[in-house]
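1. Quick one: sequence plus predicted model below, questions after.
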Amino acid sequence: MIDGLSSRALSEIIRLEHTHNYLWPGDVSAAVGLWKDYVHQPARTLWHDYEWGNPHGYCCGDPLEARALLDTVMRALSPRSARELRTVVKRSDAFWNLPTPL
């Protein structure tokens, strides 16, 4: 379940997850959640990941790969569903691009 998406967009995502070999059921929802959780971390943690990498990526998923997967899925969706998913992802992207306080 992804908040902010219509049932039409959700059903299209489910269909993609079942018909494309690079997706498993629940991958898109997990990617949205992983990206959202990642961008809301403190700036210090994000900088550490940028400089030295994310050691938890192997066990818990790589948030940057999750974001790349979301781009791929948005290209595979119909324009209407892609627009809905893009709106959801842009909320996290906007938080990611906020300037950090000094």
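-> Okay, I see it.
2. Let me know the helix or strand that the most centrally placed residue in the chain is in.
-> Nearest to the mean C-alpha position of the chain, by Cα atoms, centre = their mean, lies residue 32 at 3.4 Å. Per DSSP states H and E: residue 32 is located in helix 27-39.
3. same deal with residue 81?
-> Assigned by DSSP H and E, residue 81 belongs to helix 79-96.
4. Now for the protein, the helix or strand with the poorest mean pLDDT.
-> Within the chain, no helix or strand scores below helix 43-52, which has a mean of 59 by mean pLDDT, DSSP states H and E.
5. can you give me the mean pLDDT across stretch 79-93?
-> Computed over stretch 79-93, the mean pLDDT rounds to 95.
6. got the buried residues for it?
-> 81-82, 84-85, 88-89, 92 (16 or more other Cβ atoms under 10 Å). Quick note: C-beta positions are derived from backbone N, CA and C, even for glycine.
7. In CSV: the residues you listed, plus distance to residue 41.
-> CSV is the format used below for the buried residues of stretch 79-93 (distance: Cβ to Cβ, whole Å):
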residue, distance to residue 41
81, 29
82, 27
84, 26
85, 22
88, 19
89, 17
92, 12
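8. Hmm, residue 5 is touching residue 88, no?
-> Yes. When contacts are counted by Cβ atoms under 8 Å, residue 5 is listed as touching residue 88 (6.5 Å).
9. Pick the one among the buried residues of stretch 79-93 closest to residue 38.
-> residue 92 (8.2 Å; Cβ to Cβ).
10. Now do the same contact list for that closest one.
-> Applying Cβ atoms under 8 Å, 6 or more residues apart in numbering, we find residue 92 in contact with 32, 35-36, 39-40.
11. Buried ones among the residues you listed?
-> The neighbour-count criterion (16+ other Cβ under 10 Å) marks 32, 35-36, 39 among these as buried.
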